[in-house]
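**Q** need the 3D shape of this:
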Amino acid sequence: MPARVHALLVVRPDGREAVDIRLQRTLTALRAQTRPVDALTIVLCGADAQAQDVARASSAEGVISADRSTSIAGALALGSHRLDGEAVWLLTQDTTPDPDALARLAGALETAPSLAFAAPKLVRSDERDRIASLGVSMTRLGRTVGLADGELDQGQYDGSEDVLGTDIRGVLVRADAWRALGGVDRALAGADEGLDLGIRARLRGGRIVLAPTAVIAVSPASGAVMGRAYAERTAQLHRRLAYAPAPAVPLHWLSLLPLALLRSLAALLGKEPARILPEWGAAVTAMVRPGAVARSRRSLRDGRVASWAQLAPLRVTSRDLRQRLDDDLPAGTGRGELHFFSGGGAWIVLAALVVSVASFVALLAWPALGGGALAPLRATVAGLWADAAAGLRPLGWNTVGPADPFSAVVALLGTLSPAAPSRVLVVLWVLALPLAALGGWFAATRFSDRAVVRAFVAVGWALAPSLLDALITGRPAVVIAHLLLPWLVWTAAVARRSWSTAGVASILAAAVIACAPSLAPALALVWVVGLLLTSITRRGNGLARVVWLAIPTAVVFAPLALARFQAGEPWALLADPGVPLADPHGVDLARRLLLALGFPAPDGWAALVGPVVGTWTPLLVAPVLVLALLGLVVGRAIPALVASIAGLAALATATAAIGVSVASDGPVSVTLWPGAALSAFWLAALCAGALALDAVPIRSARASARVRTGIAAFAMVALALSAVPALTATARDAAGITAGASSTLPAYVEAEGRGDLANATFVVAPTDDGALTADVVWGETASLGGQTTLRTARAAADADDETTASLAVQLVADSEGGVVPELADHGVAFVLLGAGADTDAARAIRLQAKTSLDQRADLELVGDTARGTLWRVTTPVAHRAADTSGQAWRVGLLQAGVVAAALLLAIPTRRTLEAARRAPRTVGAGRRRAGGVRA
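**A** Numbers count the residues shown, from 1 in each chain. The predicted structure follows:
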């Protein structure tokens, strides 16, 4: 064992944790050594005053101040002037030796007099079971290869001894060898110092030994990527010129710039543009330093006793390098089987179906859904698509304009059940949970190939608070948007790869925004981020496909947007489509906290366990959100970035929505509903959580699988508990949905007007303050697809509103006026006095209206119905005047053309299918091995 060990501690600021804190940590570790150092010299390279105070307060025999730009090699050279001992221990401020590290290094160094230095096992300070460095080698062309970098420490290398070189940090060097070698080569620019030192020592006849039992913790690598790339490439080029045979040096020198060009192209192809400038910088640096190359070559010649051939067995061959690179890949080239059945996806969907049937068993006997924002659909497929066409709207006195894009979504759904279109909503409600689980499972395949991670996302998406709230309160637009969002993620995440996925994703994006226009700003932000990432990381490859994602949405919304801008109401574009439904909850801090947890409304536990316990039950979703936060930190960079932007944008949308009112339901102001935005937020959280679960260390397969499964199971069980009130709401008669009818109008009107929008029903209903509301419904019902934000989202009453109000007043106040013939001339065939509110004022005005209507000779009483009292107009009724503007077919042709183009793009070809099979299924993880689903 060396009689005297002199430690050289180099302190260089690198932008991470405060230098004085890390220096203090290193000094504390030195004082704790079982074999204390005999002398300590600290070299401060541009350190601040705090670090200088810590250094001077230590037991160091000398503290040397140097310029901030001083390299490790230069700092060690300064400290070597004070060298006093038989061995020198090289340390930096980010090293924390174990208490017995020096003793074990010294013991290893004394095993043979031929040893030049002994190197410890470097482990990560933030993950001590992860090896940071344990031996370094190089290829024939000088490429540095870490022999165990990043591997999980399972003792597999504890028997290793002979290596070509090591990391410079923590090595214990014989003082005579250190002086003979001249220390570290200053031309290396801060990389490969230990490798070069080991090579020069071996050429002089020395050996390098590993001491794996001597453990030193080091901080993870940090700093600018370009800076590290420059240092590594500069060191490699300098070593190539220094190690090459003399005749080959001019050839290497001449090849520097051509190689820089070729490697720059390779960096672009490899999607690493950050390496281009460092490549050229390193090439120029190596070219203009012939003196440094000459000094390095002279150092190699002096005292050389061994040949390069003797070092060859310690080099890494090309075959070994390829094997190491393949082993470092997260998975192999292309993709393996989907494993939907063997990976548990089918069982999750089946379980969700069982839960859904048990929760909504009563719906199986309902012909249609009612309550909330639900309404019947048209009775015929032609009627469904008539609602989706531009022109005369089926609600209002004479409303003309483009249909809401949501009407096309409703028409498409209704077409799936042509015999009974309204029945499709019942089926949708019963299948919502399994369909959500299916979509969530497929979305998870873009983030992980592990079965438990996919199960976590599938269960989390099926039990999302926003979906459950939409199901029990009757919000079809939110339900549809929720079911479509994971498929949008599944396709949009890889849209740049092929036109097929871009076509599908563009249609899904249009459908999602049609259901939830308030999501448009958040999705637009994510789209812009996608454009930037494609431009930067993919050299623009696939940029046109990403641009296409927004085109169908823009075309579909263009007519409505134009109408809104012409009316001076652009904000009305954000209005929720469908039947307007007021938000019954307040806008306070408690509500905003619920939104931050993903709940658009209270979770319902308060009604089951009381308000005290119910206040805390929303925290059952906390495990998912904690995983999401972890995923943003430990997950793969690009997916985590996109998930964080999407999640924050969606949460901001939901928070802002509850305070924005752009629609009304009669006299009631209707704010934007945050449900769809919270669905997007929840999906981003689940994707980030999937990244966190997927980032659990891979190499300890069994242990990491247990940890991953335990965490995921805990989160899923907590979610299931959170969902209990919603899943039992129908059985407890606490849900807002009811058995609906096939029409919002009396059966007599439905029978007369089925499939015909030529005649209308004038609907009058009293309000709770004694006023009247009036509307005109064309056809057999006020259908879901016939709803239009042109009427519900208006800043002020228009001429049609004034006409409708005037006619309603005349009907109620004057029993002999000519109002009924005017109605008949416009196409109104029926007058319906609805039940309205149940207050004294409402009953009084209803009685007055009924009396007036009964006294009219031009109205014939049909009778009292479940919808109210109905009268038939006895004078000849004209058909509604047709829209002759041509707007319907022009707008429809344009929109249909763009949608057809998207559909054609979405149809896969053999070539696109083969390309998809070669590409990895997950995003942001490089190539993955083909194979089975991992645990």
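
**Q** longest helix anywhere in the protein?
**A** When the chain is parsed with DSSP state H, its longest helix is helix 701-727.

**Q** and after that one, which helix or strand comes next?
**A** Counting by DSSP states H and E, the next helix or strand C-terminal to helix 701-727 is strand 738-739.

**Q** paired strands for that next one, with orientation please.
**A** strand 369-370 (antiparallel) (DSSP bridges).

**Q** got the buried residues for the next helix or strand after the partner strand?
**A** Downstream of strand 369-370, the next assigned helix or strand under DSSP H and E is helix 381-387. Across helix 381-387, burial judged by 16 or more other C-beta atoms under 10 Å covers 381, 383-387. (Each C-beta comes from the backbone N, C-alpha and C, glycine too.)

**Q** what mean pLDDT does the longest helix of the chain get?
**A** Regarding helix 701-727, the rounded mean pLDDT is 89.

**Q** tell me the helices and strands packed up against it.
**A** If you count contacts as 3 or more C-beta pairs under 8 Å, 6 or more residues apart in numbering; DSSP states H and E, helix 701-727 packs onto helix 345-359, helix 451-462, helix 465-473, helix 605-609, helix 622-634, helix 675-694.

**Q** closest to Y243 out of these?
**A** Using C-beta to C-beta as the measure, helix 622-634 is the one of the helices and strands packed on helix 701-727 that comes nearest Y243, at 39.0 Å.

**Q** got the buried residues for the next helix-or-strand element following the closest one?
**A** The first helix or strand that comes after helix 622-634 along the chain, using DSSP H and E, is helix 637-657. Neighbour counts over helix 637-657 (16+ other C-beta under 10 Å) mark 639-640, 642-647, 649-651, 653-655, 657 as buried.

**Q** now do stretch 558-576: distance from first to last residue.
**A** End-to-end distance of stretch 558-576: 17 Å, with C-alpha to C-alpha, to the nearest Å as the criterion.

**Q** now that stretch: mean pLDDT?
**A** 91.

**Q** contacts for it, please.
**A** The contact list for stretch 558-576 (C-beta atoms under 8 Å, 6 or more residues apart in numbering) reads 373, 390, 401-405, 477, 516-518, 520, 557, 660, 662-663, 670, 672-673, 789-790, 792-795, 891, 894-895.

**Q** can you flag the buried ones in those residues?
**A** Using 16+ other C-beta under 10 Å, the buried ones in the contacts of stretch 558-576 are 373, 390, 401-405, 477, 516-518, 520, 557, 662-663, 670, 672-673, 789-790, 792-794, 891, 895.

**Q** excluding sequence neighbours, find me the nearest residue to I208.
**A** G198 (4.6 Å; C-beta to C-beta, 6 or more residues apart in numbering).

**Q** tally of neighbours for that neighbour?
**A** Using other C-beta atoms under 10 Å, G198 has 29 other residues around it.

**Q** the helix or strand hosting it packs against which elements?
**A** For G198, the enclosing helix or strand under DSSP H and E is helix 193-203. Helix 193-203 is packed against strand 115-124, strand 136-138, helix 175-181, strand 207-218, helix 225-243, helix 290-301, helix 308-311, with contacts defined by 3+ C-beta pairs under 8 Å, 6+ apart.

**Q** between these, which one is closest to R446.
**A** Comparing those by C-beta to C-beta, helix 225-243 comes nearest, at 25.2 Å.

**Q** buried sites along that closest one?
**A** Buried residues in helix 225-243, defined by neighbour count with 16+ other C-beta under 10 Å: 226, 228-243.

**Q** helices or strands up against the host helix or strand of R592?
**A** Using DSSP H and E, R592 sits in helix 589-596. When contacts are defined as 3+ C-beta pairs under 8 Å, 6+ apart, helix 589-596 packs onto helix 637-657.

**Q** who are the packing partners of the helix it packs on?
**A** helix 520-537, helix 589-596, helix 622-634, helix 675-694.

**Q** next, the angle from that helix to helix 465-473.
**A** 40 degrees (axes from the mean of the first three to the mean of the last three C-alpha atoms, to 10 degrees).
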